[in-house]
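S.K.: I'd like to go over a predicted model; first the sequence, then the structure.
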Amino acid sequence: MEARLISALILTVCATVAAVHGQYYSETVPNSPMKEQLTNLHFFFHDTLSGKDPTAVLVAKPNITDDGSSPAPFGSVFAIDDPLTVGPEITSETIGNARGLYVSAGQDLLTLVAYFDFGFTKGEFNGSSISLFSRNPVLETERELAVVGGRGKFRMARGFAQLKTYSVNGKNGDAIVEYNVTVIHY
């Protein structure tokens, strides 16, 4: 009888330990309120598709007949590594890079769907970035993109970027775009 009781006790302890180690683990800790911050950023985005050293390159194109009238026909996918500068001149101080993708997603009007990570390499936000993901109707002189995240000093970022075309070359697609970004972060 004692052997059965000891065996049952050992079996119960083993089953309990096995169940504890085999389950999903999570822990909720009290959250101390973090203070939200609002940061306004202003810079210029240089998107160069032409020349010997482009910053935006076609990585996929649709299997359709292209009349050559658009540098980004519907269905085209571009990878970018565009400089971000303090002023509209490419020679002005570079403060970071926009890296990501955009796809031409408008059949009737040139509209890009863009995912960009703006990594800052100078100043107060060196090593931090903001991420944008949004529809970009590039033929509109002024437009808005959504800030959907960030890292470094921009953790848990949200906000918006107001874009204004500074210059564009209609033949080759090269463009300079002014960004005014409002970022809410912790």
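M.R.: Yep, that arrived.

S.K.: over to residue 154: give its phi and psi.
M.R.: Backbone torsions for residue 154, taken as degrees, to the nearest 10, come to phi -110, psi 30.

S.K.: residues contacting it?
M.R.: By C-beta atoms under 8 Å, 6 or more residues apart in numbering, the contact list for residue 154 reads 39, 125, 128-130, 183, 185. Heads up, the C-betas are built off the backbone N, CA and C, glycines and all.

S.K.: need the max-distance pair from the residues you listed.
M.R.: Greatest spatial distance in the contacts of residue 154: 39 and 129, 12.7 Å, computed using C-beta to C-beta.

S.K.: tell me which of those two has more neighbours.
M.R.: Using other C-beta atoms under 10 Å as the criterion, residue 39 and residue 129 rank with residue 129 on top: 22 against 18.

S.K.: give me the nearest residue to the spatially most central residue of the chain, chain neighbours excluded.
M.R.: Nearest to the mean C-alpha position of the chain, counting by C-alpha atoms, centre = their mean, stands residue 131 at 2.9 Å. Closest residue to residue 131 apart from its sequence neighbours, by C-beta to C-beta, 6 or more residues apart in numbering: residue 149 at 4.3 Å.

S.K.: just list what the helix or strand where that neighbour lies packs against, helices and strands only.
M.R.: Using DSSP states H and E, residue 149 maps to strand 142-151. With contacts taken as 3 or more C-beta pairs under 8 Å, 6 or more residues apart in numbering; DSSP states H and E, strand 142-151 sits against strand 129-136, strand 158-168, strand 175-185.

S.K.: what about 10 Å?
M.R.: Packing partners of strand 142-151 (3 or more C-beta pairs under 10 Å, 6 or more residues apart in numbering; DSSP states H and E): strand 112-120, strand 129-136, strand 158-168, strand 175-185.

S.K.: now do the nearest residue to residue 49 once chain neighbours are set aside against residue 33, distance only.
M.R.: Using C-beta to C-beta, 6+ apart and skipping residues adjacent in sequence, the residue nearest residue 49 is residue 173, 4.3 Å away. From residue 173 over to residue 33 the distance is 46 Å, taken as C-beta to C-beta, to the nearest Å.

S.K.: neighbour count for these two, which is higher?
M.R.: Neighbours per residue (other C-beta under 10 Å) separate residue 173 from residue 33, with residue 173 holding more: 19 against 6.

S.K.: how close does the more buried one get to residue 109?
M.R.: Distance of residue 173 to residue 109, computed by C-beta to C-beta: 15 Å.

S.K.: quick one: strands adjacent to the host helix or strand of residue 42?
M.R.: Using DSSP H and E, residue 42 sits within strand 37-47. Applying DSSP bridges, strand 37-47 is found paired with strand 77-85 (antiparallel), strand 175-185 (antiparallel).
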